[in-house]
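# A structural model of the following input is requested.
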Amino acid sequence: MVDSAKMQDVLTQLDTGLDSALDRLLEFLRIPSISTDPAYKGDVRNAAEWLAAQLRDLGFETAVHDTPGHPMVVASSPKADARPVLFYGHYDVQPVDPLELWNSPPFEPAIEDTPDGPVIRGRGASDDKGQLMTFVEAFRAWKAVHGTLPSDLILLFEGEEESGSPSLRPFLHEHADALRASVAMICDTSRYADGRPAITTQLRGLVGQEVVITAADRDLHSGSFGGLAANPIMILSQALAALKDDTGRVTLPGFYDGVAELTPELANDWQALGFDAADFLGRVGLKDPIGEKGRTALEMVWNQPTAEINGIAGGYAGDGFKTVLPAQARAKVSFRLTGKQDPDAIRDAFQAHIRSFIPADCSVEFHDHGASPASSMDISDPAFAAAKQALTDEWDREAAFIGAGGSIPIAGDFKEILGMDSMLIGFARDDDRIHSPNEKYDVESFAKGARSWARILTALRS
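I've put the predicted structure just below:
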């Protein structure tokens, strides 16, 4: 148990130390830790060592672990009888191309005044160094006030997130006993679109599949062979069109096995967000929602599975006209999964569906592009309610449990390998331009993010 009366002292410590915290973040941002480019391998190592030094200075037992790729930084605080919590973030960053679109050098970060308030401008400011450092600064202020670090903390900071995390799953398996906790905190996410604090409690999974249909052994003249020879584009188009019925439901047998309806608590939270589908679509030049009839817009993007055609090719599509029956046609199709849908079962059902359209003298081949299940967190765990209230108190706005339409594999890895749920709590904004030139992170996000973690730490240990 901690003295909750000291929480205000921790918050005050964070406020008075903000300038120094920003200086540390700017120093961190100057290290060009681009994990995808081998030319920056030494810089990624330097970022890991810089971060490890910060944690050691705070009193964490810290190690920089080599992997086949870039290092993992693992740290822990003294063990006690508190509930162990794992904090995850990543210190690598995206490449900066196209460099000419940056208004200032990406690795010469600065505090910049904007009409909406001061921002931290530079590569990695939001994704994910700024967010990661909200953890670190909360721990720093905690120690300054309490004299010790919060007990039973485990920190895992990786250097390959922006390059697909190839070393992460093997590392989790190898170090499972040291990393396992009661719950994980993941900072690589954002507030809700209107600035409301939020905890992402469910993420859709993903199955990617490429299909290639081959008919004749060469492209054929449509005047000579049209109407008689198989046309792989027609075959593919018919198969793909049959993936959905006229209500928007996916037709694959067993596709909806494991898909769960929203709980009343989540339904209420999502309804309170006031999501405007027309406005959302209007930002990209559309206005009319599609999808399964009878579902709300947020259900469609957060809680319902999808089947989407991401690309299709075949035949002649250049300038002019060429009357051919192509020898081959291909498509890339992805499925976003929810609940307990089985990625392997979905892939098998899709392949069987396509094969049912293939004539005997044609062939089909499939190329797999990833398969990960959805992640759904158990929000009945009291820690979720405690964190939600802590966020509400800090931001003076009711925090919400939300979903995410995309996939964040680390949450699924923690669930599968370490057997624990995750809270995805971040303070980025939709306009932070992550992965793009002129990336930024609001100073408010940084300052109140650190204050939020101080409140959450207190709530979890009170």
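
# if I've got this straight, Ile312 is in a strand?
Yes - assessed with DSSP: H, G, I helix; E, B strand; the rest coil, Ile312 lies in a strand.

# give me the pLDDT for it.
Looking at Ile312, its pLDDT reads 97.

# ditto for Leu266
pLDDT, the model's per-residue confidence, is 89 for Leu266.

# do the same with Asp3
pLDDT, Asp3: 68.

# could you do Ile408 as well?
pLDDT, Ile408: 81.

# so it touches Ile186, yeah?
Yes - Ile408 lies in contact with Ile186 (Cβ atoms under 8 Å); the separation is 7.1 Å. In this view, the C-beta of every residue, glycine as well, is placed from N, C-alpha and C.

# mutual contacts of those two, please.
Contact criterion Cβ atoms under 8 Å, 6 or more residues apart in numbering; residues shared by Ile408 and Ile186: Leu424.

# report the residue spans of the stretch 251-400 of the chain with pLDDT below the cut-off.
Across the stretch 251-400 of the chain, nothing is flagged by pLDDT under 70.

# name the helices or strands packed onto whichever strand or helix holds Gln389?
Secondary structure from DSSP states H and E places Gln389 in helix 382-395. Packed against helix 382-395 by the contact rule (3 or more Cβ pairs under 8 Å, 6 or more residues apart in numbering; DSSP states H and E) you find strand 198-203, strand 400-404, strand 421-424, helix 443-460.

# phi and psi next, for the residue positioned nearest the centre of the chain.
Note on the chain: the residue nearest the mean C-alpha position is Ile408, at 3.5 Å, using Cα atoms, centre = their mean. As for Ile408, its main-chain torsions (degrees, to the nearest 10) stand at phi -120, psi 90.

# residue contacts, it?
Taking Cβ under 8 Å, 6+ apart, one finds 186, 188-189, 203, 375, 424 in contact with Ile408.

# likewise for Leu337?
Applying Cβ under 8 Å, 6+ apart, we find Leu337 in contact with 204-207, 305, 343, 346, 373-374.

# now with 6 Å, please.
Shown in contact with Leu337 (Cβ atoms under 6 Å, 6 or more residues apart in numbering): 204-205, 305, 374.

# number of residues surrounding the closest residue to it other than its chain neighbours?
Distances taken as Cβ to Cβ, 6 or more residues apart in numbering put Gly205 closest to Leu337, at 3.6 Å, once the chain neighbours are dropped. Applying other Cβ atoms under 10 Å, we find 25 residues neighbouring Gly205.

# phi, psi of Gly205?
Here Gly205 shows phi and psi, under degrees, to the nearest 10, equal to phi -80, psi -170.

# okay but Phe157 is in contact with Pro71, surely?
No - counting by Cβ atoms under 6 Å, Phe157 stays clear of Pro71, with 9.2 Å between them.

# from the contacts of Ile408, list just the buried residues.
Neighbour-count burial (16 or more other Cβ atoms under 10 Å) is assigned, among the contacts of Ile408, to 186, 188-189, 203, 375, 424.

# turn those into CSV, including distance to Ser163.
As requested, the buried ones among the contacts of Ile408 are exported to CSV (distance: Cβ to Cβ, whole Å):
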residue, distance to Ser163
Ile186, 18
Asp188, 14
Thr189, 19
Leu203, 20
Ser375, 21
Leu424, 21
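
# among those residues, which two are most distant?
Taking Cβ to Cβ, the two most distant members of the buried ones among the contacts of Ile408 are Asp188 and Ser375; they sit 13.7 Å apart.

# what sits in contact with each of these two?
Residues touching both Asp188 and Ser375 (Cβ under 6 Å, 6+ apart): there are none.

# sec struct for Phe87, please.
strand.

# give the contact list for it.
135, 155, 185.

# bridging residues for it?
Beta bridges link Phe87 to Leu155, Met185, judged by DSSP bridges.

# again, but for Arg336
According to DSSP bridges, beta-bridge pairing links Arg336 with Leu206, Thr306.

# hmm, Gln304 and it touching each other?
No - using Cβ under 6 Å, Arg336 is not in contact with Gln304, being 8.5 Å away.

# can you give me the helices for the stretch 101-250 of the chain?
For the stretch 101-250 of the chain, applying DSSP state H, counting those that start in this stretch gives helices covering 129-146, 168-174, 176-179, 222-225, 232-241.

# need those helices in CSV (columns: mean pLDDT).
Converted to CSV, the helices of the stretch 101-250 of the chain look like this (pLDDT from 0 to 100):
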stretch, mean pLDDT
helix 129-146, 98
helix 168-174, 97
helix 176-179, 97
helix 222-225, 95
helix 232-241, 98
